[in-house]
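> pasting the sequence and the predicted coordinates here, then a few questions.
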Amino acid sequence: MNRRDFISGAAVGGVVGIGATAAVMTSMKDAPAPKVTEAPVAAPAVVKDRIELAMVTTWPRDFPGLGTGAQRFAERLQAMSDGRIQVQYFAAGERVGAFDSFDEVASGNAQGYHAADYYWKGKHPGWAYFTAVPFGLTYTEMNAWIRFGGGQELWDELGAEFDIKGLMCGNTGVQMGGWFNKEINTADDLKGLKMRIPGLGGDVMAKLGASPVSLPGGQIYENLVSGAIDATEWVGPWNDQVMKFYEAAKFYYYPGMHEPGSMLAVGLNASFWSSLSPSDKLLVEAAASMENDVMMSEYNAKNGASLAQLINNNGVELREFSDEIYDSFGRASDEVFSEVVAHSDLAARIHASFLKAREEVGGWTNISDQAYVAQRNRVLGL
Ligand code: CA
């Protein structure tokens, strides 16, 4: 969608209409009244406060969940402001490549991105914590850490080094472990595998002898089918079925140790963010927070049915990672985390805060959600 198409949308059209009406009414107080059929009438009261927000993303256009969620956020923010905040949305490749989104916003060329912040771990490993890390937090645990456990403050401190202000704006929930073209019975079976897996999860796989690569979503399928990679993780059944990975890899493993509740983010250019009025900041926060909730609801609503289709219609073999493999993931994760902590004082403080949340909130999860669901499903035979 180009800019012309976008601004012809209903929300903006409504504002133009209101502005034009106001201008005509104003003109009627004056004499002589100008002909209203002349050149388009300016709408100064609206134009004066109009805010342009160019938003780049790491997702293909209309990609279920990640892409549609980002688009929903953009449309919602524009609608919530009655079109005063105009969000010009660019899917991956429409303005810059997926992984160039960060620099586009940090530099001020665009005002915001929607992405998974762990894509930027090469710039600072702290970014990984604000999507998901191995043996990390689930959706509800993540929200608790970010909102009440000091997570947002550390995210802001990290973002300030790059002129980025991050806000929670979506979550996939627990991700699947990935697609493999052979069974993974022991950790040794991971050796030599070329696997698409970003973030610190990729570093864990490297410790176990695999070769992790980071590819944007739009390039995974072709690499898997061509044999350039042997395995991939992406998200979960709903998204992965759309990607048709089952055409090249039949074994679908769970649960993913690497992304237990991947938070998506809106990253705003810090100068742009600080230029907003307090009420506009609240609007942006409200629109983002709503998407954080809505996206998670959509994933939870759709993953189960999609998994059944993958198994029943697409010939997928569902497999669970063994305890032995999980133990190996755990040991490798410890090594990766020790390297992260050594990176910088800020990385160490982010990790320490994360550990505290994992222990406190995760401990509560153990006797609340986990204990209840285990008993419910045992009694009901689910
Ligand atoms: Ca993933």
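Nice, thanks for sending it over.
> who's in contact with the residue of the stretch 51-200 of the chain found nearest the ion?
Nearest residue of the stretch 51-200 of the chain to the ion, counting by C-beta to the ion: Gln175, 4.9 Å away. (Each C-beta comes from the backbone N, C-alpha and C, glycine too.) By C-beta atoms under 8 Å, 6 or more residues apart in numbering, the contact set of Gln175 is Ala132, Glu233, Trp234, Val235, Gly236, Pro255, Gly256, His258, Glu259, Pro260, Ser262.
> can you give me the neighbour number for the fifth one?
Applying other C-beta atoms under 10 Å, we find 26 residues neighbouring Gly236.
> residues contacting it?
Thr172, Gly173, Val174, Gln175, Met176, Tyr299, Asn303, Ser306.
> what secondary structure does the fourth one sit in?
At Gln175 the chain is in coil, as set by DSSP: H, G, I helix; E, B strand; the rest coil.
> buried stuff in stretch 142-160?
The neighbour-count check on stretch 142-160 (16 or more other C-beta atoms under 10 Å) flags 142-146, 149-152, 154-155, 158-159 as buried.
> neighbours of Glu339, how many?
Glu339: 13 surrounding residues under other C-beta under 10 Å.
> do the same with Gly381
5.
> state the pair within the buried residues of stretch 142-160 that is farthest apart.
Ala144 and Gly159 (20.1 Å; C-beta to C-beta).
> what about the nearest residue to Met290 once chain neighbours are set aside, how many neighbours?
In space, Met290 comes closest to Arg76 once its chain neighbours are excluded; the distance is 6.6 Å by C-beta to C-beta, 6 or more residues apart in numbering. Applying other C-beta under 10 Å, we find 19 residues neighbouring Arg76.
> quick check, pLDDT for the closest residue to the ion within the stretch 251-382 of the chain.
The ion sits closest to Glu259 of the stretch 251-382 of the chain, with a gap of 4.8 Å, by C-beta to the ion. In this prediction, Glu259 carries a pLDDT score of 97.
> that one belongs to a strand, doesn't it?
No. Under three-state DSSP, Glu259 sits outside any strand and is assigned coil.
> and it, how close does it get to Met80?
To Met80, Glu259 is 30 Å away according to C-beta to C-beta, to the nearest Å.
> among the two, which residue is more densely surrounded?
Glu259 (30 against 16).
> mind listing what Leu346 touches?
Contacts of Leu346 (C-beta under 8 Å, 6+ apart): His124, Gly126, Leu154, Glu157, Leu158, Glu161.
> distance of Asp100 relative to Met263?
With the distance defined as C-beta to C-beta, Asp100 ends up 21 Å from Met263.
> neighbour count winner among the two?
Set side by side, Asp100 and Met263 show more neighbours around Met263, with 30 against 16, by other C-beta under 10 Å.
> surely the more buried one and Ile146 touch.
Yes. Contact criterion C-beta atoms under 8 Å: Met263 and Ile146 qualify, at 7.5 Å.
> what residues are shared contacts of these two?
Contact criterion C-beta under 8 Å, 6+ apart; residues bridging Met263 and Ile146 by contacting each: Phe130, Met168.
> give me the buried positions along stretch 360-374.
Using 16+ other C-beta under 10 Å as the test for burial, stretch 360-374 gives Val361, Gly362, Thr365.
> can you check stretch 114-123 too?
Buried residues in stretch 114-123 (16+ other C-beta under 10 Å): His114, Ala115, Ala116, Asp117, Tyr118, Tyr119, Trp120, Lys121.
> and the third one, what does it touch?
For Ala116, the contacting residues are Thr58, Thr131, Pro198, Gly199, Ser262, Met263, Leu264, Ala265, by C-beta under 8 Å, 6+ apart.
> just the closest of the residues you listed to Arg95, please.
Out of those, the member with the shortest distance to Arg95 (by C-beta to C-beta) is Thr58, at 11.9 Å.
> next, count neighbours for the closest one.
Neighbour tally, Thr58, other C-beta under 10 Å: 27.
> count of residues packed around the closest residue to Asp62 other than its chain neighbours?
Once flanking residues are discounted, Asp62 sits nearest to Thr68: 6.2 Å by C-beta to C-beta, 6+ apart. Using other C-beta under 10 Å, Thr68 is surrounded by 15 other residues.
> that older thread, out of the buried residues of stretch 360-374, which is nearest to Asn109?
Looking across the buried residues of stretch 360-374 and measuring by C-beta to C-beta, the closest to Asn109 is Val361, at 37.5 Å.
> continuing past whichever strand or helix holds that closest one, what's the next helix or strand?
Assigned by DSSP states H and E, Val361 belongs to helix 345-367. Sequence order places helix 369-380 as the next helix or strand after helix 345-367, per DSSP H and E.
> distance between stretch 145-163 and the chain's centre?
16 Å (C-alpha atoms, centre = their mean, to the nearest Å).
> measure that stretch end to end?
The straight-line separation of the ends of stretch 145-163 (C-alpha to C-alpha, to the nearest Å) is 22 Å.
> hang on, the earlier thing: list the buried ones in the helix or strand hosting the residue nearest to Asp62?
Thr68 is part of helix 66-80, with elements assigned from DSSP H and E. Buried positions in helix 66-80, judged by neighbour count with 16+ other C-beta under 10 Å: 66-67, 69-80.
> also stretch 324-340?
Within stretch 324-340, the residues scored as buried using 16+ other C-beta under 10 Å are Ile325, Ser328, Phe329, Ala332, Ser333, Val336, Phe337, Val340.
> surely the fourth one is in contact with Leu208?
In other words, Ala332. Yes. Using C-beta under 8 Å, Ala332 is in contact with Leu208, at 5.4 Å.
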